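Trainee: with the sequence up front, the predicted model follows.
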Amino acid sequence: MGNLQAVWTGVPDDDEQSFTLEFLHYFGLTWEKVLVGAEKTYTYHRFWDACFAVNALERVDGMTIADLPVILGGCTAQTRCNIIVG
């Protein structure tokens, strides 16, 4: 569990230099310092749809996204995304 801090959906897929510079501009840190899987080549990250930042991250054993409550008057359905975490 954690708090969603930022979502970057404008991930460029044209070249590594654009990706690294825009990542730094958006998040304020180099991707090599914070990105899960940063040791992999740029081609691994190239086609990602988004990057996001989470703070106050805590491990919660036995809980999944499906266990989170749907707030009445808010969303009527949960949206789930595949998130790759190494």
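Mentor: Structure received. Numbers count the residues shown, from 1 in each chain.
Trainee: for stretch 67-81, what is the average pLDDT?
Mentor: Stretch 67-81 carries an average pLDDT of 63.
Trainee: can you read off the pLDDT for E39?
Mentor: Looking at E39, its pLDDT stands at 84.
Trainee: can you pull the buried residues of the lowest-mean-pLDDT helix or strand in the chain?
Mentor: Across the helices and strands of the chain, the lowest-confidence element by mean pLDDT, DSSP states H and E is helix 42-45, at a mean of 80. Neighbour-count burial for helix 42-45 flags H45 (criterion: 16 or more other Cβ atoms under 10 Å). The C-beta positions use only the backbone N, C-alpha and C, and glycine is treated the same way.
Trainee: what sits closest to the residue most central in space within the chain if chain neighbours are left out?
Mentor: For the chain, the residue nearest the mean C-alpha position is F52 (2.9 Å; Cα atoms, centre = their mean). Closest residue in space to F52, ignoring its immediate chain neighbours: V7 at 4.6 Å, by Cβ to Cβ, 6 or more residues apart in numbering.
Trainee: correct me, but E32 touches K40?
Mentor: No: counting by Cβ atoms under 8 Å, E32 stays clear of K40, with 10.9 Å between them.
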